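1. Give the three-dimensional model of this entry:
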Amino acid sequence: MIALNEELEVVEPCMASQSNIGRVVLENISETLTEVNSENGELMPHLA
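-> Numbering: from 1, shown residues only. Model (predicted):
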């Protein structure tokens, strides 16, 4: 169970990043093929 302090508008992972809680959806419900390295901004493989 994931508790959110806002109402979830979209569950679709592709559209979820456009909302305030999109990061929670992406990190806890779905996994991405790539992720951004916070140190240098480069894309790194995640599931790919």
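
2. pLDDT on stretch 39-48, on average?
-> Averaged over stretch 39-48, pLDDT sits at 88.

3. ok, residues contacting it?
-> Applying Cβ atoms under 8 Å, 6 or more residues apart in numbering, the contact partners of stretch 39-48 are E31, T32, L33, T34, E35, V36, N37. The C-beta positions use only the backbone N, C-alpha and C, and glycine is treated the same way.

4. Now list the buried members of the residues you listed.
-> By neighbour count, with 16 or more other Cβ atoms under 10 Å, those hold E35 as buried.

5. all strands for this structure, in order.
-> 34-36, 43-45 (DSSP state E).

6. Just tell me which of those ends up closest to V25.
-> strand 34-36 (14.9 Å; Cβ to Cβ).

7. which other residues reach that closest one?
-> E42, L43, M44, P45, H46, A48.

8. one step back: need the max-distance pair from the contacts of stretch 39-48.
-> Largest separation among these by Cβ to Cβ: E31 and N37, giving 16.5 Å.

9. Identify each of the helices in the protein and give its residue range.
-> Ranges of helices in the chain, per DSSP state H, are 13-16, 22-28.

10. Pull the number of nearby residues for A3.
-> With neighbours defined by other Cβ atoms under 10 Å, the count for A3 comes to 5.

11. Repeat that for V25.
-> V25: 20 neighbours (other Cβ under 10 Å).

12. And it, how far from T34?
-> Counting by Cβ to Cβ, to the nearest Å, the gap from V25 to T34 is 17 Å.

13. one step back: weakest of the helices of the chain in terms of mean pLDDT?
-> Minimum mean pLDDT among these: helix 13-16, a mean of 66.

14. Show me what the closest residue to H46 other than its chain neighbours is bridged to.
-> Using Cβ to Cβ, 6 or more residues apart in numbering and skipping residues adjacent in sequence, the residue nearest H46 is E35, 4.5 Å away. E35 forms beta bridges with M44, as assigned by DSSP bridges.

15. Can you measure across stretch 30-45, start residue to end residue?
-> Stretch 30-45 has its terminal residues 15 Å apart, counting by Cα to Cα, to the nearest Å.
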